[in-house]
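> just need the structure, nothing else, for what follows:
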Amino acid sequence: LDVLSELVDPEGVLVEEAPSHREALHARLPIQRAGGFLTTGSGALGWGLPLAVGRALAGGGRVVCVVGDGSALYSVQAIWSAVRHRAPVTFVLLDNGGYEAVKALGRRMGAEDIPGTDIGGIDFPGLATSFGCPATVAEDPKTLRAELIRALEPAGGGPVLLRVRVARERTAAYGD
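Below is the predicted model:
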């Protein structure tokens, strides 16, 4: 997120749907201007990808969408729409292999083991590519900057997905 903060266009639009990483994102990518940051105020999941595509199609330059792997699964077909309409959007998919925000909410309600919240092994770059969207992976911090630069300035100008492997750890979401 620090590297993204250095590289993202301050005049651009950032869409955020990464509940497990929301606090860290806000600490590193503060809201700079009206209309430059889009998120939700509720606990709904699945709106980030389609919102980013729609906002990108509305014009005004490249949109960056930071989305968690769990959130992406609710509406991953939005990547197909982005490809079909050549939407200028960069999807930065933070992959921790699970619905960590759902786990945190469960812990807050006294449930430690929430079934169906471990979703590792999904090939998000392969899925994006099957929709026609160029995709790459950043698993090594040493290559992250170069991968982000390529994802933020893709050759074709349309959508691109960058999967970033992040640590699977308990989150402080929902007062956990």
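
> so what's Gln77 up against?
By CB atoms under 8 Å, 6 or more residues apart in numbering, Gln77 lies in contact with Phe131. (Each C-beta comes from the backbone N, C-alpha and C, glycine too.)

> mind doing that once more with 10 Å?
Neighbouring residues of Gln77 by CB atoms under 10 Å, 6 or more residues apart in numbering: Leu49, Pro50, Leu127, Phe131.

> what about the helix or strand hosting the third one, distance to the chain center?
Here Leu127, judged by DSSP states H and E, is contained in helix 124-130. For helix 124-130, the distance between its averaged C-alpha position and the chain's averaged C-alpha position is 14 Å (CA atoms, centre = their mean, to the nearest Å).

> who touches it?
Contacts of helix 124-130 (CB under 10 Å, 6+ apart): 67, 69, 72-73, 76-77, 79-80, 82-83, 91, 93, 95, 123, 133-137, 159-163.

> just stretch 142-149 next, same as before
Counting by CB under 10 Å, 6+ apart, 2-4, 6-8, 64, 90, 92, 136-140, 162-164 sit against stretch 142-149.

> which among these end up buried?
When neighbours are counted using 16 or more other CB atoms under 10 Å, those contain these buried positions: Val3, Leu4, Val8, Val64, Thr90, Val92, Thr136, Val137, Ala138, Leu162, Arg163, Val164.

> cool, thanks, talk later.
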